[in-house]
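1. need coordinates for the following:
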Amino acid sequence: MKSFVVKSMMVMFAGWFAFAGTGFADAAPGDVIVTLGEDLNSDQRAQLLDEMDVNEDDVLMVEVTNEEEHHYLGEYISASRIGSNALSSTKITLLEEGEGVNVETNRIDWVTEAMYANALVTAGVEDADIYVTAPFNVSGTAALTGLIKAYELSTDEVIPEEQKQVANEEMVKTAELGENVGVDKAAELMTRIKEEIAEGNVETEEDLRDLIDRVAHELGIELTEEEMNGLVSLFQRMQNLDIDWNQVQDQIGKIRDNLSEFLASEEGQGLIDSILNFFNSLIDAIRSWATNMVMAFRQ
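-> Take a look at the predicted model:
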């Protein structure tokens, strides 16, 4: 199990607004919402509810279907990537205002923490503990689809189709870019572009291209022409949405603050120490192997 401060944020949004028949104004800190993939069998369902430490009679529940996944993601992800079963599931606990977002995932192997985070920030999400899981390793797309369904079940307004498409496209483009340049760099690229757009310094397509090119260069990312054009198109569409960029900027700041707090914590330091120990062991093993090779050659 991997525990991260910024992980699976998109799923949080799925459950956050899952108050069917209840407006968001009625949601309160401490409320828990669970989204479950419809194709879980009874044993898997019980396993995940036990893992989340919830009783389904005590929390608000939302189910996500594979058909819904294909509907919302089919334009951006191959059918094979989406798969034929909705399995990834989430637990969302609402926090007090200003707490920011804290995320943990288990057995989600394609959608990363920061990918969820960036899409949710775009959608205006804040202040929640999120846990995303599945009975075995899955891509995590059912959890993303829960975002759309849970929100629309709980509000009087339908999310504009363009906003749905942009959120999904952002997630997919980040994941695909991550396959080429690394998931951390891809997510950081998206985050920093949005931070600068929120500053209000991007007015023209040329401004946007220059921004993307500069940030990519700073991160050591070499974008292909196709990747550049795709990002320009995505962020132009994003700029045309009715997004509260002040809130976007504020949430990105909270995410970074939460990550810094985690790294400074005992748990975070333990994680860093374990990574350093791994690399030290690896170096020792390489040295030992090299020494043995030299001795064998001399003999």
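2. helices along the stretch 1-150 of the chain, start to end?
-> Using DSSP state H, counting those that start in this stretch, the helices assigned to the stretch 1-150 of the chain run over residues 9-16, 42-52, 66-73, 79-82, 113-123, 141-154.
3. going by mean pLDDT, which of the ones you listed comes out lowest?
-> Mean pLDDT is lowest for helix 9-16 among the helices of the stretch 1-150 of the chain, at a mean of 37.
4. flag the shaky bits of the stretch 101-250 of the chain, pLDDT-wise.
-> 121, 123-125, 147-158 (pLDDT under 70).
5. element containing the residue lying closest to Arg237 once chain neighbours are set aside?
-> Once flanking residues are discounted, Arg237 sits nearest to Val166: 5.2 Å by Cβ to Cβ, 6 or more residues apart in numbering. Backbone N, C-alpha and C define where each C-beta goes, glycine included. Using DSSP states H and E, Val166 falls within helix 161-181.
6. so who does the spatially closest residue to Asn102 that is not a sequence neighbour touch?
-> Residue nearest to Asn102 in three dimensions, not counting chain neighbours: Asp129, with 5.1 Å by Cβ to Cβ, 6+ apart. By Cβ atoms under 8 Å, 6 or more residues apart in numbering, the residues touching Asp129 are Met12, Ile92, Thr93, Leu95, Val101, Asn102, Val103.
7. also His217?
-> Not one residue lies near His217 by Cβ under 8 Å, 6+ apart.
8. could we number from 506 for the rest of this?
-> In the new count, where the first residue is 506, that last one comes out as His722.
9. and it, how far is that from Asp712?
-> 16 Å (Cβ to Cβ, to the nearest Å).
10. name the helix or strand for the nearest residue to Gly683 once chain neighbours are set aside, please.
-> If the residues on either side of it in the chain are set aside, Gly683 comes closest to Ala691, at 3.8 Å by Cβ to Cβ, 6+ apart. Assigned by DSSP H and E, Ala691 falls within helix 688-703.
11. please give me every residue in contact with Glu568.
-> Shown in contact with Glu568 (Cβ under 8 Å, 6+ apart): Thr540, Leu541, Gly542, Glu543.
12. of those residues, closest to Met695?
-> Thr540 (23.9 Å; Cβ to Cβ).
13. that closest one pairs with what?
-> Thr540 has these beta-bridge partners by DSSP bridges: Val567, Thr595.
14. cool, Tyr636 as well?
-> Those that pair with Tyr636 in a beta bridge, by DSSP bridges, are Lys596, Glu609.
15. tell me who's in contact with it.
-> Tyr636 neighbours (Cβ under 8 Å, 6+ apart): Ser513, Met557, Thr595, Lys596, Ile597, Val608, Glu609, Thr610, Asn611.
16. quick check, central residue of the chain?
-> Geometric centre of the chain, nearest residue: Tyr621, 1.5 Å, by Cα atoms, centre = their mean.
17. is it true that it touches Trp615?
-> No. Counting by Cβ atoms under 8 Å, Tyr621 does not reach Trp615; the two are 11.1 Å apart.
18. what's the overlap in contacts for those two?
-> Among the neighbours of Tyr621, those also in contact with Trp615 (Cβ under 8 Å, 6+ apart) are Gly645.
19. just give me the closest of the contacts of Tyr636 to Glu704.
-> Nearest to Glu704 among those is Val608, at 25.6 Å by Cβ to Cβ.
20. so the closest one touches Ala622, yeah?
-> Yes. Using Cβ under 8 Å, Val608 is in contact with Ala622, at 7.2 Å.
21. what's the neighbour count on the residue nearest to Gly683?
-> If you count neighbours by other Cβ atoms under 10 Å, Ala691 ends up with 25.
22. was I right to think it contacts Leu682?
-> Yes. Look at Ala691 against Leu682 with Cβ under 8 Å: they come within range, at 4.2 Å.
23. find the nearest non-adjacent residue to Glu675, please.
-> For Glu675, ignoring the flanking residues on the chain, the nearest one in space by Cβ to Cβ, 6+ apart is Ala624 at 5.2 Å.
24. do I have it right that that neighbour meets Glu674?
-> No. At 9.2 Å, Ala624 does not count as touching Glu674 under the criterion of Cβ under 8 Å.
25. more neighbours: those two, which one.
-> Between Ala624 and Glu674, counting by other Cβ under 10 Å, Ala624 is the more crowded of the two (26 against 20).
26. any figure for the gap between that one and Glu723?
-> Taking Cβ to Cβ, one finds Ala624 at 23 Å from Glu723.
27. contact partners for Leu736?
-> Per Cβ under 8 Å, 6+ apart, neighbours of Leu736: Lys678, Ile698, Ile717, Leu728.
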